[in-house]
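A.B. asks: build me a structure from this.
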Amino acid sequence: MRIERLAVRQFRNLKDFVFEPRDGINVIYGKNAQGKTNLLEAMWLFTGGKSFRGARDSEMIGFGAETARLDMNFFCEERSQNAVILIQNKKRNASLNGVEKNSALDLMGKFRAVIFSPEHLSLVKAGPAMRRNFVDGALCQIKPVYARLLYQYNRTLAQRNALLKDIPRHSELLDTLEIWDEKLSRYGGEIIRERFSYLKRLNPPAKEIYEGISRNSEEFSLHYRCGVIQKKGGAEHYSKEMREALSAARSDDVAAGFTTVGPHRDDVEISVDGFSARSYASQGQQRSAVLALKLAEAALLEQKTQEEPVVFLDDVMSELDAGRQDYLLNHLEKRQIFITCCEPETVGRLSGGGRFEMENGRLFVR
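C.D. replies: Residues are numbered from 1 along each chain as shown. The predicted structure follows:
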């Protein structure tokens, strides 16, 4: 999989231009706040996911403009394809190969990529939500139907929570919780099964990559911490256990005014040498752990789709010593890669590929 051409119009601070990257490594350099990350964000949106920076759609429209347009040609499934994203009225519309889609979400599974940015260091350091989002985002790319399942679960969760807030004032509503418990348990059981399965497959490549980065001096492992499951099984088993957990927590839920159990409360434990990376790992170990997770994500995407995903590396090379840089680049050499940095000398030792300078939103071929 590779990007052949990207046309940008009125997107953030980027001036209107056409970007034609190389097949291998593409280095985009320039001073801070020139638009390097904005360019990666523009390409990332074609995965169908949200901005990896957590930005709202309206924030991605250039200053003074009413719309932003992105037009990308990419090679996938042994043919060139075209996708267009139009951002207007606080939403994203999309088309694929000339066919209008209901939303940009429908692009999911067509163009696949993995992003590594400084914000992703919080994958280890922050709370459980970041780690859940990492697993869910990876699953959405491998299984686009998972995005719909996640939407159904979150929508049902919001409806159940709204009901829980009303019950103290309208006790007659208590009996209607059964309806929402059944729906939430069904969707939740599927989510738990998918997460268990994905992490079981992610652990071996992540362990291998991490131990390669550390030169076999440290051990790495992942564990899904699910609050409602006592023993592993299938989706039906997980749904049954979640239904029982919801029933047991009903009085607590009513008192709290929200649902206290379910996959929206779960966590992924990342361990180095048997200890929690969040609590005990050094900065270098945390960086290595996130890098291992993202590269393992790319490896699973390739296994599933038989296509090598595009890799975006946003301002991460400067945070890695020479040994870690060498390991990183040696494992990505067969893919199309986009690296942003402030100084081109950071990756000057790389042969081949393309070099581009970003200055005040303008892109120059070097």
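A.B. asks: CA only for contacts and neighbour counts going forward, please
C.D. replies: OK.
A.B. asks: hmm, residue 5 is touching residue 80, no?
C.D. replies: No - applying C-alpha atoms under 8 Å, one finds residue 5 not in contact with residue 80, separated by 10.5 Å.
A.B. asks: which neighbours do the two share?
C.D. replies: 73-74 (C-alpha atoms under 8 Å, 6 or more residues apart in numbering).
A.B. asks: these two - which one has more neighbours?
C.D. replies: More neighbours sit around residue 5 than around the other of residue 5 and residue 80, counting by other C-alpha atoms under 10 Å; the figures are 17 against 14.
A.B. asks: residues near residue 165, how many?
C.D. replies: By the other C-alpha under 10 Å criterion, the neighbourhood of residue 165 contains 16 residues.
A.B. asks: thought residue 257 was touching residue 165?
C.D. replies: Yes - contact criterion C-alpha under 8 Å: residue 257 and residue 165 qualify, at 4.7 Å.
A.B. asks: where does pLDDT dip in this structure?
C.D. replies: Per-residue confidence for the chain (pLDDT under 70) gives these ranges: 318-320, 329-333, 346-352.
A.B. asks: mind redoing it with 80?
C.D. replies: The chain contains residues with pLDDT under 80 at 90, 230-232, 316-334, 343-353.
A.B. asks: buried set for the longest helix along it?
C.D. replies: Longest helix in the chain by number of residues, with DSSP state H as the criterion: helix 177-213. Of the residues in helix 177-213, 177, 180-196, 198-199, 202-203, 205-213 count as buried by neighbour count, 16 or more other C-alpha atoms under 10 Å.
A.B. asks: wait, what's in contact with residue 10?
C.D. replies: For residue 10, the contacting residues are 16, 61-63, 65, 67-69, taking C-alpha under 8 Å, 6+ apart as the criterion.
A.B. asks: again, 6 Å this time
C.D. replies: The contact partners of residue 10, by C-alpha atoms under 6 Å, 6 or more residues apart in numbering, come to 62, 68.
A.B. asks: picking that back up, other SSEs contacting the longest helix of the chain?
C.D. replies: Counting contacts by 3 or more C-alpha pairs under 6 Å, 6 or more residues apart in numbering; DSSP states H and E, the secondary-structure elements packed against helix 177-213 are helix 235-248, helix 283-305.
A.B. asks: will you turn these into a markdown table that also has mean neighbour count and distance to residue 114?
C.D. replies: Converted to a markdown table, those look like this (neighbours: other C-alpha atoms under 10 Å; distance: least, C-alpha to C-alpha, whole Å):
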| stretch | mean neighbour count | distance to residue 114 |
| --- | --- | --- |
| helix 235-248 | 19 | 28 |
| helix 283-305 | 20 | 6 |
